[in-house]
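>>> show me how the following folds:
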Amino acid sequence: MTFWTLFLVVSLIYHVELTQGNKCVPKLFENAESVVCVCNATYCDSVVPVFQMDRGTYAVYTTSKAGLRLDKTVLLFDNPHTNYEDKALPVITINRSESHQTVLGFGGAFTDAAAINIKNLSAATQDNILLSYFSGNGIEYSLGRVPIASCDFSTRNYSYDDTPGDFNMSKFTLAPEDLQFKIPVISRAMQLSTEAGQPLMLFASPWSAPYWMKTNQDMTGEGTLKGDISGEYFQAYARYLIKFLESYQYYNITFWGLTVQNEPTDGFIPSFPFQAMGWTPTMMRDFIKEVLGPVLKENGYADLKLMILDDQRLLIEEWADIVLSDKEAAQYVSGIAVHWYIDFLTPTLLLDKVHEKYGEKFILGTEACEGSMPWQKKVVLGSWDRAEGYSHDIIQDLNHWVAGWTDWNLALNMQGGPNWVKNFVDSPIIVNAERDEFYKQPMFYIMGHVSKFVKPGSRRIGLSVSGDTDLEMVAFTVPENFKPNATVVIISNRENQDVKVVLHDPRVANITTSIPAHSILTYIWWDF
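The predicted structure is shown next:
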C-alpha cells in the first residue's frame, strides 16, 4: 500500500465518523414489508449536509427494503489498472456531452391537513418534521405547493370570499386555516430552507372559485365559472387569485409559481365529491391571454411562473398544443404541470413529444401520492412497494424531460387525513399525535435520494449501458458555484437479487459497485 493510498484510507475513516447523521430508530409494524423510522420531541434521524470530498473518493447513500435509510459510505475509486473485460459486468457510462433539462426541484404540499397534523404535535416534534424535510440535516426540499383556500385535504369546504356579487373582492379574507396552520408552518420551512442555502420555491394551486361565481352554485360537483371569458366573473376570479398572492405576501411569503387550476377535468364530472372547477384547454388558453396573464403583469407578478394543465400526464399533448400554439397565451406561460395518478397507463412518449415541440417550457410533476385508488389500503406503514412506486415514477419522469417532482401532503395522520370527504391516502410522514411522534415511511427516503443531492439548477446528463440490466437510473451534473461540479447518479434496483455493475466516468474514474436487491442508491463525486 502506497503512502497516498494509506493517507486516503485514514482520511475516509475520519470523514465517515464526522459526517454520519443520527441513525434511524426502526419500528416494524405488523405485516409490514420494511421499517419506518420513529421521531419524537427528543430524537430524529438526520442526514448531514453534502460537502465536497477529496480527489479519488466518492460517497454512496443507500436505502433498502432490508432497513438501510440514506446510509452513507465513502469509498475509493477503482484502481485505474483494473481489467473490466474479464468481469463481464454491465458498464454504465456517464456522458456529459449529452445535456438535457435543468432541474427545478423536489418537494411536497402544505395542505390544511399537513399543517394541522404538524401543529397537533409538541413544538419540538413539529420542528423535527420541518427539519427533516427542509434543513441541511434533512432531505432539503426545494419546492412547496400551497392550495388556494380549501381542497379535499381540509376539514371543511371554504373559500376566501363567500359574499355573492363581491366582484371587487372587498370582502376577501384569509381563513383560520391559513393564519393558524399553513402560514406558520410555511414560514418555518422557508427559514430552514434558506439556512440550508436554498430558498424554498412555492407555487399555489386553486381547487375552486367561491360558490357564487360558478354555474352550479357549489365549490364541489360539475361546474365552471359563470359567463364568458371577458365577463365579470372571470375578471373577478383573476382578482381573487391576485388577492391571495398579496395576502400571503403580507406575511412575507412570496410565490414562485401558480397553476391555473388543479385537475381541471374534475369539474366536468357529475357529482364530483370535493372542490373542483372545470376548464377545457380552450377556456384556459383564452382566460390566460385575455384576463389572467395581463392581470398578473399589471399587478407586479409578471415573473410568476404560470403553469397550465396540473392534471394527468395523459392530457399533456392536447393541452400543450391548444394553449401553447397560441403565441398570445404562450407568452404568459412558463410550464406544464402534470400529476402521476394514471402514469401506469400513459406512455412517456407524450412527455418527449411535448418537450420536442415546446422545449422552452418546463414540465413539472406537481402531485403524487400512494393509496389514492379505491381498491388500495390508505396508510400502509413500512410499505416498500410504495417506495418503489415513487422511485420508478421519479426516475422515469426525470429521464423524459420532467424538471422536478412534487409529492402531495407533507404529513397525514394514522388514518390518512384529515380529509372532509374521507378521501384518505398515504404520505411519506405519518403523524401519531397521541404519542407525540411521527413515522418516516420508506417513501420519505426515496424522495431524499433526489431532493438532497439533485439541487435546483442541476442538469441531467447522458447515461449509456452496455450489458443486460433491469436497473433504473438517472444522472446529473450539480453546480457548486465556483467549486468543481458534482456528479450525481441515482440507481434503483427493484429486482429480487443484487446486481453488480461498473460506473464509468471517462473524466474521473471507475466504480465497481453492487446494487442490493430492492434498494435505491445515490452516488456523488466531484469533477476535479
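>>> residue ranges of the helices in the chain, please?
3-19, 112-119, 123-134, 176, 183-195, 232-250, 281-287, 293-298, 316-324, 327-330, 349-357, 384-398, 442-451 (DSSP state H).
>>> nearest to Ala41, out of these?
When these are compared by CB to CB, helix 123-134 sits nearest Ala41, at 3.8 Å. No exception for glycine: its C-beta is placed from N, CA and C like everyone else's.
>>> list the helices and strands that closest one packs on?
Taking 3 or more CB pairs under 8 Å, 6 or more residues apart in numbering; DSSP states H and E as contact, the helices and strands that helix 123-134 lies on are strand 36-39, helix 112-119, helix 183-195, strand 429-432, strand 437-440.
>>> can you list the weak-confidence ranges in the stretch 51-200 of the chain?
Filtered on pLDDT under 70, the stretch 51-200 of the chain yields the residue ranges 81, 84-86.
>>> cutoff 80 now
The model of the stretch 51-200 of the chain has pLDDT under 80 over residues 80-87.
>>> switch the helices and strands packed on helix 123-134 over to TSV; also include mean neighbour count and distance to Gln376.
Formatted as TSV, those follow (neighbours: other CB atoms under 10 Å; distance: least, CB to CB, whole Å):
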stretch	mean neighbour count	distance to Gln376
strand 36-39	23	18
helix 112-119	26	18
helix 183-195	18	27
strand 429-432	22	15
strand 437-440	24	19
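>>> ok, which of the ones you listed comes nearest Asp303?
Closest to Asp303 of the helices and strands packed on helix 123-134 is helix 183-195 (CB to CB; 18.2 Å).
>>> list the helices and strands that closest one packs on?
Judged by 3+ CB pairs under 8 Å, 6+ apart, helix 183-195 is in contact with helix 112-119, helix 123-134, strand 143-148.
>>> how far off strand 143-148 does that helix point, in degrees?
160 degrees (axes from the mean of the first three to the mean of the last three CA atoms, to 10 degrees).
>>> ok, and what's touching helix 183-195?
With CB atoms under 8 Å, 6 or more residues apart in numbering as the contact definition, helix 183-195 has outside contacts at 110, 114-115, 118-119, 126-127, 130-131, 133-136, 138, 140-142, 144, 146, 174, 199-200, 202, 248, 251-253.
>>> filter the residues you listed to the buried ones?
Buried by 16 or more other CB atoms under 10 Å: 110, 114-115, 118, 126-127, 130-131, 133-136, 138, 140-142, 144, 146, 174, 200, 202, 248, 253, out of the contacts of helix 183-195.
>>> go through this structure and flag its longest strand.
What stands out as the longest strand in the chain, according to DSSP state E, is strand 91-102.
>>> just checking: what are the partner strands of it?
Sheet pairing for strand 91-102, assigned by DSSP bridges, gives strand 459-466 (antiparallel), strand 499-504 (parallel).
>>> chain center to it, what's the gap?
In terms of CA atoms, centre = their mean, to the nearest Å, the centre of strand 91-102 is found 23 Å from the chain centre.
>>> what does stretch 428-437 give?
Taking mean C-alpha positions (CA atoms, centre = their mean), stretch 428-437 and its chain are 21 Å apart.
>>> cool, stretch 486-497 as well?
Using CA atoms, centre = their mean, the offset of stretch 486-497 from its chain centre is 19 Å.
>>> and if you look at stretch 35-44?
22 Å.
>>> what sits up against that stretch?
With CB under 8 Å, 6+ apart as the criterion, stretch 35-44 contacts 22, 24-29, 45, 67, 69, 122, 124-125, 128-129, 131-132, 381-382, 430, 435-442, 444.
>>> just the buried members of those?
Using 16+ other CB under 10 Å as the burial test, those include 24-25, 45, 69, 125, 128-129, 131-132, 381-382, 430, 437-442, 444 as buried.
>>> picking that back up, minimum distance to Pro49: which of the helices and strands packed on helix 183-195 has it?
Among the helices and strands packed on helix 183-195, the nearest to Pro49 by CB to CB is helix 123-134 (12.4 Å).
>>> ok and the closest one relative to helix 112-119, angle-wise?
Between helix 123-134 and helix 112-119, the angle comes out at 130 degrees (the same axes, to 10 degrees).
>>> the residue minimising distance to the centre of the chain pairs with what?
Centroid-nearest residue in the chain: Thr406, 2.3 Å away (criterion: CA atoms, centre = their mean). Beta-bridge pairing for Thr406 (DSSP bridges): Gly107.
>>> so how far is Arg188 from it?
Distance of Thr406 to Arg188, computed by CB to CB, to the nearest Å: 19 Å.
>>> kindly report the same for Leu76.
With the distance defined as CB to CB, Leu76 ends up 40 Å from Arg188.
>>> cool, Gly223 as well?
Using CB to CB, Gly223 is found at 36 Å from Arg188.
>>> now do Leu410
12 Å.
>>> same question, Leu202
Using CB to CB, we find Leu202 at a distance of 13 Å from Arg188.
>>> also Asp352?
Distance, Asp352 to Arg188, by CB to CB: 39 Å.
>>> next: Ser427.
Separation of Ser427 from Arg188 (CB to CB): 19 Å.
>>> could you do Glu434 as well?
Noted for Glu434: a distance of 23 Å to Arg188, by CB to CB.
>>> now swap in Gln20 and tell me
Distance check for Gln20 against Arg188: by CB to CB, it reads 26 Å.
>>> can you check Thr194 too?
If you measure Thr194 against Arg188 using CB to CB, the figure is 11 Å.
>>> can I get stretch 169-182 in CSV, CA atoms only?
What follows is stretch 169-182, C-alpha atoms only, in CSV (Å, rounded to 0.1, in the frame of the first residue of the first chain):
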residue,chain,number,x,y,z
MET,A,169,-63.0,41.2,-3.7
SER,A,170,-63.6,43.8,-0.9
LYS,A,171,-64.6,41.0,1.5
PHE,A,172,-61.7,38.8,0.7
THR,A,173,-60.0,37.4,3.8
LEU,A,174,-57.7,34.5,4.6
ALA,A,175,-59.1,31.6,6.6
PRO,A,176,-58.2,30.5,10.1
GLU,A,177,-56.5,27.5,8.4
ASP,A,178,-54.1,29.9,6.8
LEU,A,179,-53.4,32.1,9.8
GLN,A,180,-53.2,29.3,12.4
PHE,A,181,-51.7,26.4,10.5
LYS,A,182,-50.3,26.9,6.9
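>>> please enumerate residues in contact with it?
By CB under 8 Å, 6+ apart, the list of residues contacting stretch 169-182 reads 110, 112, 115-116, 118-119, 146, 149-150, 154-155, 158, 160-163, 166, 183, 236, 239-240, 243, 247-248.
>>> 6 Å instead?
Residues from elsewhere that reach stretch 169-182 (CB atoms under 6 Å, 6 or more residues apart in numbering): 110, 112, 115-116, 119, 158, 160-161, 163, 239-240, 243, 247.
>>> buried ones in that stretch?
Within stretch 169-182, the residues scored as buried using 16+ other CB under 10 Å are 169, 172, 174-175, 177-178, 181-182.
>>> repeat that for stretch 356-374.
Those buried within stretch 356-374 under the rule 16+ other CB under 10 Å are 358, 361-372.
>>> the residues you listed in strands, which ones?
Among the buried residues of stretch 356-374, the ones falling in strands (DSSP E) are 362-367.
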